[in-house]
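A.B. asks: Sequence and computational prediction follow.
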Amino acid sequence: MTVLEIMKQAQELSLQERKELAKLLIDSLEVGEPRLNESGEHWGQSLNRLLDELGPIDFVDAEVEDPVAWVKIQRQKEADRLKTYWDDM
C-alpha cells in the first residue's frame, strides 16, 4: 500500500478519526534513542557481556532429541525425587 492510497483512505475518515490518526502517527515518531545503563552501555551490549561471562550451559539429558519425551523424563525425575515426601503423608 502506498502513502497516497493511505491518504485517500484517511480522507474518508471523520474529522475526529483523522485527528486520532494524526496523533498516533506523531506519537509513533517519538521513539527515543536506545536506553543506556548507568555505565553508558546499551542494554543489549550489557546482556551480551553477561551471557559471555556465564559461559556455556550444561544441558540436562541432551541426548533426548524429542522435546515432548524430554519434558516427560524431567517430570518423572521430579516425581521420583518428591516421592519420598509423598509417601510420608
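C.D. replies: Sure thing, it's come through.
A.B. asks: Show the contacting residues for residue 11.
C.D. replies: Listed by Cβ atoms under 8 Å, 6 or more residues apart in numbering, the contact set of residue 11 reads residue 18. From N, CA and C alone the C-beta is placed, and that goes for glycine too.
A.B. asks: And it, how close does it get to residue 79?
C.D. replies: 64 Å (Cβ to Cβ, to the nearest Å).
A.B. asks: With residue 38 instead?
C.D. replies: Here the criterion is Cβ to Cβ. By it, residue 38 lies 45 Å from residue 79.
A.B. asks: Between these two, tell me which one has more neighbours.
C.D. replies: residue 79 (10 against 5; other Cβ atoms under 10 Å).
A.B. asks: what's the distance between that one and residue 57?
C.D. replies: For residue 79, the distance to residue 57 - Cβ to Cβ - is 24 Å.
A.B. asks: try residue 67
C.D. replies: The value you get for residue 67 to residue 57, if Cβ to Cβ is used, is 16 Å.
A.B. asks: What of residue 16?
C.D. replies: 54 Å.
A.B. asks: next SSE after the lowest-mean-pLDDT helix or strand in the chain?
C.D. replies: In the chain, no helix or strand scores lower on mean pLDDT, DSSP states H and E than helix 15-28, which sits at a mean of 86. Going down the chain from helix 15-28, the next helix or strand is helix 43-54, by DSSP states H and E.
A.B. asks: What residues sit buried inside the helix or strand just after that following helix?
C.D. replies: Using DSSP H and E, the helix or strand that directly follows helix 43-54 along the chain is helix 67-87. By neighbour count on 16 or more other Cβ atoms under 10 Å, the buried set for helix 67-87 is residue 70.
A.B. asks: Would you mind writing the CA trace of helix 67-87 as CSV?
C.D. replies: The C-alpha trace of helix 67-87 is given here as CSV (Å, rounded to 0.1, in the frame of the first residue of the first chain):
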residue,chain,number,x,y,z
PRO,A,67,11.1,-32.2,23.3
VAL,A,68,7.9,-34.0,24.5
ALA,A,69,9.9,-37.0,25.6
TRP,A,70,12.4,-34.7,27.3
VAL,A,71,9.7,-33.0,29.3
LYS,A,72,8.2,-36.3,30.3
ILE,A,73,11.6,-37.5,31.5
GLN,A,74,12.1,-34.3,33.6
ARG,A,75,8.6,-34.7,35.1
GLN,A,76,9.3,-38.3,36.0
LYS,A,77,12.6,-37.3,37.6
GLU,A,78,10.9,-34.7,39.7
ALA,A,79,8.1,-37.1,40.7
ASP,A,80,10.7,-39.7,41.7
ARG,A,81,12.6,-37.0,43.8
LEU,A,82,9.4,-35.9,45.5
LYS,A,83,8.0,-39.4,46.0
THR,A,84,9.7,-39.8,49.4
TYR,A,85,7.8,-36.7,50.6
TRP,A,86,4.5,-38.0,49.3
ASP,A,87,5.0,-41.4,50.9
